[in-house]
Every structure is written in structure tokens, then in C-alpha cells.
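Q: A predicted structure for the sequence below; I have some questions about it.
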Number of protein chains: 2
Amino acid sequence: MRVLVTGASGFVGRHALAALAARGFEVHAVARKPLPGIKIHAVDLLHEGARRALVAAVAPSHLLHLAWDAEPGKYWTSAKNLDWVAASLDLARSFFEVGGRRLVVSGTCAEYEWGTDRFEEGTTPCRPATLYGAAKDGTHRILDAYAKSVGLSFAWGRLFYLYGPGERPGRLVSDAARALLAGEAFPTSPGHQARDFLHVVDAAGALAALLDGAVTGAVNIGSGTAVPVRTLLDGLADRTGRPDLLCYGAKALGPSEPAVIAAAITRLRDEVGFRPRFTLETGLDDTLAWWHAQQGSNPLS
Amino acid sequence: MRVLVTGASGFVGRHALAALAARGFEVHAVARKPLPGIKIHAVDLLHEGARRALVAAVAPSHLLHLAWDAEPGKYWTSAKNLDWVAASLDLARSFFEVGGRRLVVSGTCAEYEWGTDRFEEGTTPCRPATLYGAAKDGTHRILDAYAKSVGLSFAWGRLFYLYGPGERPGRLVSDAARALLAGEAFPTSPGHQARDFLHVVDAAGALAALLDGAVTGAVNIGSGTAVPVRTLLDGLADRTGRPDLLCYGAKALGPSEPAVIAAAITRLRDEVGFRPRFTLETGLDDTLAWWHAQQGSNPLS
């Protein structure tokens, strides 16, 4: 089994490589920057010729496609979403045409129509409110039809809220952890909204399990439990001993933010058979330990 | 107002050119073959560089995008549907980025979940059963989100069943008309299924009216009336005086073919303000007159 992983230097991608290697895959990674101990292919996936040449050269049996535009603050509305739709469709087709058998692509909870408390793959409508969500949703619908028409085994892993080692700045947990460890005030929303948080190692493990199986269609990748953001931030502050640094209500919650976002994880748990390694408590311990170790160095260099 | 029309040598496209010129547009056509009296751009829209250069050179204010893979018998499942998704997204983006203001793209009744008697834009679910339908549906969803995010005026015209002058072989009315005029037997299904048939000149006129207005979102382009296929074929046979040539039941109706497909046309009639020129009766007269004139020549050369 030979797997090609795109977006391998991204937050989930880096953790997916080890999970796939542990399952016996020969791992080929497409990444924009070096990865310790991994042979990478430094290919621009938006370049048609380079993309097709890579797929032909690696001839993978499995493809875990995680790459997408993820520029902080911009990816929700960036026109690059259109480029990634096109590249993803062509990548899937090239993969199948060189003999690929099993494809997993990462989706997002932003595909769902927000408003339901618990998003279920088979019943909650997909009516994304953003270009990013619509581009992912459209890609899923088209790839699902393509895979059925040619007989390619295909699953779509919808990621919810992730946290953990290696998260880039500009995200809730990474910014809070950094501020709390640095003794800086952390202005945030009132924090009553509940979100489904999953440790990134578990998200990567779930994607690896999904790829290494035969479940098809959309599969939520989450913890199954929505936790108030306040609970998570209090957990970080308790561990650093500085709850006074959390300034709840210093920022407003966006008007489109729903009260609750939780993943139904019946498919992930019962069909894929995945069990997470971390609880929220051990996950926060692990995350803070990593940020602590990064202090004084640049964790993203 | 300068309009770029893609797929201009296609069945609807050829008729759309005159309708747009009559509305005062400066018409630029992308076509694969010469069109009488029209200056065409012979550009391969699947070639990124050529596509973008064309859009930059024409700098249209309006874009009517009709081009798509339409290879008879193959387009329902062809992998080329993926190429057309990619080309369509990039075309729309290029158009907007050179100053384009109003975009209309052709969709299909095959985007809807078949089973409801009357498809309504706002309420009937889109759950296509084919790759072609899914590719069109996905493109619509993504373009709709893109257009909203950048402020581009965008409508999606869902075509139902068309007939009329210039229809290629391999379609119901073109094959029946040719056989009846040639005195050949025409084996067909029992013909009890009802379909929404619109004369191609009216479909083209509706698309031109849609483009020349400000209505956004999906708009069905149909007659609003489902007619049993038997009624339509009987109409052709009565006009040629050879009802004996129709062999009803000589072919089976496909198992996925629903009993009724009809367009709700409230949006087209009341919001776009479009009124058709042909009834089914005058439309069949017109179609047969055209096929009659083609006899002895090759109508598709």
C-alpha cells in the first residue's frame, strides 16, 4: 500500500504521516517545506503538469488529499478556493487513471447549514454560508458522483474544530496558549458558544483509519461532544495558573456564529471503528507542554 | 453591452446569438465551427492560457456560458465533466477580474432529485443521479457562493427538454422527425412519460432575457407544461401523415426515468418576464419545416 498525502506540512497533515506509516503504508508526502525524516515531493499542486507528473511517478494505491488554501483570515472568501476545486477534481481523476483505488479528501463542518446543534452526515442539510464551505461542498458532491461512476472507493472526512501541537498563530487555542504562557492578556468573546474540539493527533488518526478502511461517503471527524469555549480556555488558564489573563467579552462573537456546533460521530466510531487517544483534559496537557517547549524558539520556522 | 457566448455553435448557443443581438448586445461567440454571419473566436476553453487570453482580449460586460461536454451517449458519465467544472469556475473568475458584471450559466433539470412531478427552484432538492448532473449542480453551488463573495450578478438557467431546428442526431425529436420524413419505422418507448418540452428558440430567448436582466440564482427554463412523449410524437406523425411508423413499446423506458418531469416557471415568467413565442403545435410545425428543408442535405455539416 502506497499513499500519497497532500498538504503534508499542514496542521493535520504532519500528524497524519506518522499515523499512516504506523499502519504499514509507504508514505509519499507533498509538502511546501521540509519535514523531519520524511522524503517529500515539493510540487505545486495548482500546476497541472507538475501535479499529473507527480501522481504518475508515485502511482499511489491510496490518496489522502488534505491540501487547500488556508491563508489565515482570507481562506473563507478567497478566489483561490476555485483553484483548489479544480486541482482536487483533476488530482482525483489522475489518481484513479494511474490505478489508484482508495481516496479520502478532507472536508469541513462549514459545509453544513449552521443552526442545528448536532451535524449528522445523512440528515443535516449542506448549505454553506461561505465560499470556502461551498467550494468544499461542491467538490464533495462532484467527487462522490465521479467515484461512483468509475468505481473508485471514496470517503470525505469532515473536520470540525482542531487544536494541538503545531497549530499556526491566529487560531483560538494557539493564540490563547501562547498568550497565557507569555503572561499576556487574552481578549476573547464571552465564550459561551460550544464547539466540537478534537486533538489534531486524533483527527489525523481518524483520517488514517478512514483511508485504511472501506467506508464511503461523508464521515464527520470530531469528538462528538460540544464544549463551551469558556471551558476549554479555563482549562488552559488553570494549567498555566493565570485565569486572570482571560478577558471574556473583550471581543464580540461574530453574528453568524451559532450557539452550538457538534459532530455526530456514529459513523466514525461504529463504521470506521475509530477511538480517540486524548480526552479534552489530556489533550490540553499535551498542547500546553508543546507550547511550553516552544517558548523562546519560533515554533513555525 | 458586450457579451461573450460560449458553446455558441451548440444547439441553444446558435439561437442565443440572434436573441442577444436583437437586444442590442455586441456579440462575441466562442465556437468550434464557423457560424454564418458571426465573427467567432475558435478557442479551446479547456486550455487555461487560451481561455484567459480570450476573456482579457474581449473584456465582456456579460458572459453567457453554455459550453460543456455534450458527446452523445457519453456526457452523462464522462470524466470530461470534471474538466468543464474547472474551466467554468476559472472562466467566471477571469470574467469578473477583467470587469465582467453579469454572468449566466446553463444548468439542467438533471440537477434535481427526480421523483417530484414539478421541479421548483427554491424547494425541490438537488440530488443528481448522474455525474453530469452532479458536475452542473456543484458548479452552480460554487459559482453562487463565489458571485456573492465578490459581488458579481449571477443567474443559473436550468434547461429542461429542448427540440427544434438544428438538433443533433441521437435525440428524441431529431431522430423521430428524420425517420418520419424518410418513411422509416421509429422504434420508441411506450411514450407515456410526460416531459417539459420547449422550442430551442424560446430556450435561447429565455437565456437572453435572463442575461439582459438582474434576476439572480437558479431559474428554470421550460414551458411549464409536461406533455406525454406520445402526444409529441403523435403530433409529428400527424403532420407527416405516417402515424404507422411510430412503434410504441419497441424500446423499454429506462428504469430511472420518472413518469413526469415539469418545470415550475414562476420565476421565468414573473421575475424574468419571459413569454415563449411557440406553442407545442407551432413549434412542431417549425421543426418539421426545418427538417423537411434539410432532406437530401447534411443538416449538421
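A: Structure received.
Q: alpha carbons only for contacts and neighbour counts from here, please
A: Fine.
Q: sort out which residues of whichever helix or strand residue A:181 is part of are buried, please.
A: Take DSSP states H and E as the rule and residue A:181 turns out to sit in helix A:172-182. The neighbour-count check on helix A:172-182 (16 or more other C-alpha atoms under 10 Å in any protein chain shown) flags A:172, A:173, A:174, A:176, A:177, A:178, A:179, A:180, A:181 as buried.
Q: and what of stretch A:207-214?
A: By neighbour count on 16+ other C-alpha under 10 Å, the buried set for stretch A:207-214 is A:207, A:208, A:209, A:210, A:211, A:212.
Q: list just the nearest of those residues to residue A:122.
A: Closest approach between these and residue A:122, by C-alpha to C-alpha: residue A:210, at 17.2 Å.
Q: thinking again about what came up before, can I get the buried residues of stretch A:207-214 in CSV with secondary structure and distance to residue B:78?
A: Conversion of the buried residues of stretch A:207-214 to CSV gives the following (DSSP: H, G, I helix; E, B strand; the rest coil; distance: C-alpha to C-alpha, whole Å):
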residue, secondary structure, distance to residue B:78
A:207, helix, 29
A:208, helix, 30
A:209, helix, 31
A:210, helix, 28
A:211, helix, 26
A:212, coil, 28
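Q: does residue A:83 touch residue B:88 like I think?
A: No: Residue A:83 lies out of contact with residue B:88 (C-alpha atoms under 8 Å); the separation is 11.1 Å.
Q: the two: who's more crowded?
A: residue B:88 (25 against 20; other C-alpha atoms under 10 Å in any protein chain shown).
Q: ok, that one to residue B:47 distance?
A: Noted for residue B:88: a distance of 11 Å to residue B:47, by C-alpha to C-alpha, to the nearest Å.
Q: stretch A:43-63: which residues count as buried?
A: Neighbour-count burial for stretch A:43-63 flags A:43, A:45, A:46, A:51, A:52, A:54, A:55, A:59, A:60, A:61, A:62, A:63 (criterion: 16+ other C-alpha under 10 Å).
Q: who are the contact partners of the second one?
A: Spelled out, that is residue A:45. Taking C-alpha atoms under 8 Å, 6 or more residues apart in numbering or on different chains, we find residue A:45 in contact with A:51, A:87.
Q: ok, it to residue A:139 distance?
A: In terms of C-alpha to C-alpha, residue A:45 sits 16 Å off from residue A:139.
Q: now do the first one
A: For residue A:43, the distance to residue A:139 under the criterion C-alpha to C-alpha works out to 21 Å.
Q: for chain A, name the helix or strand with the lowest mean pLDDT.
A: Here the helix or strand of chain A ranked lowest by mean pLDDT, DSSP states H and E is strand A:40-41, holding a mean of 92.
Q: can you show me the CA trace of whatever helix or strand comes next after that one as CSV?
A: Reading on from strand A:40-41 to the C-terminus, the next helix or strand found by DSSP H and E is helix A:48-58. C-alpha atoms of helix A:48-58 as CSV (Å, rounded to 0.1, in the frame of the first residue of the first chain):
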residue,chain,number,x,y,z
GLU,A,48,-1.5,20.9,-13.8
GLY,A,49,1.6,19.4,-15.4
ALA,A,50,3.5,19.1,-12.2
ARG,A,51,0.5,17.6,-10.4
ARG,A,52,-0.1,14.9,-13.0
ALA,A,53,3.6,14.1,-13.3
LEU,A,54,3.8,13.6,-9.6
VAL,A,55,0.8,11.2,-9.5
ALA,A,56,2.1,9.3,-12.4
ALA,A,57,5.6,9.0,-10.8
VAL,A,58,4.4,7.9,-7.4
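Q: which residues does the longest helix seen in chain A contact?
A: For chain A, the longest helix by residue count, based on DSSP state H, is helix A:131-150. Identification of contacts with helix A:131-150 by C-alpha under 8 Å, 6+ apart yields A:75-78, A:81-82, A:85, A:88-89, A:92, A:107-108, A:110-111, A:126-128, A:153-154, A:156, A:217, B:77, B:79, B:82, B:129-131, B:134-135, B:137-139, B:141-142, B:145-146, B:149.
Q: and it, how far out from the chain's middle?
A: Here the centre of helix A:131-150 is set off from its chain's centre by 17 Å, with C-alpha atoms, centre = their mean, to the nearest Å.
Q: which element follows that helix toward the C-terminus?
A: Helix A:131-150 is succeeded, C-terminally, by strand A:153-159 (DSSP H and E).
Q: got the angle for that next one vs helix A:131-150?
A: Orientation of strand A:153-159 against helix A:131-150 (axes from the mean of the first three to the mean of the last three C-alpha atoms, to 10 degrees) gives an angle of 160 degrees.
Q: could you list every helix and strand that the following helix or strand past strand A:153-159 packs against?
A: Per DSSP H and E, the first helix or strand lying C-terminal to strand A:153-159 is strand A:161-163. Under the contact definition 3 or more C-alpha pairs under 8 Å, 6 or more residues apart in numbering or on different chains; DSSP states H and E, strand A:161-163 sits against strand A:194-199, helix A:200-211.
Q: got the angle between the longest one and strand A:153-159?
A: Same thing as helix A:200-211. With the same axes, to 10 degrees applied, the angle from helix A:200-211 to strand A:153-159 works out at 160 degrees.
Q: contacts for helix A:200-211?
A: The contact list for helix A:200-211 (C-alpha under 8 Å, 6+ apart) reads A:11-13, A:15-16, A:19-20, A:62, A:64, A:102-104, A:155, A:157, A:159, A:162-165, A:221-222, A:268, A:272, A:274, A:276-278.
Q: can you flag the buried ones in those?
A: Buried members of these, scored by 16+ other C-alpha under 10 Å, are A:11-13, A:15-16, A:19-20, A:62, A:64, A:102-104, A:155, A:157, A:159, A:162-165, A:221-222, A:268, A:272, A:274, A:278.
Q: the residues you listed in strands, which ones?
A: A:62, A:64, A:102, A:103, A:104, A:155, A:157, A:159, A:162, A:163, A:221 (DSSP state E).
Q: residue A:34 belongs to a helix, doesn't it?
A: No: counting by DSSP: H, G, I helix; E, B strand; the rest coil, residue A:34 is not part of a helix but coil.
Q: any idea how many residues pack against it?
A: By other C-alpha under 10 Å, 14 other residues sit near residue A:34.
Q: list the contacts of it.
A: So residue A:34 contacts A:9, A:40 (C-alpha under 8 Å, 6+ apart).
Q: repeat for residue A:272
A: A:209, A:210, A:213, A:215.
Q: excluding its backbone neighbours, what's nearest residue A:51?
A: Closest residue in space to residue A:51, ignoring its immediate chain neighbours: residue A:45 at 5.1 Å, by C-alpha to C-alpha, 6 or more residues apart in numbering or on different chains.
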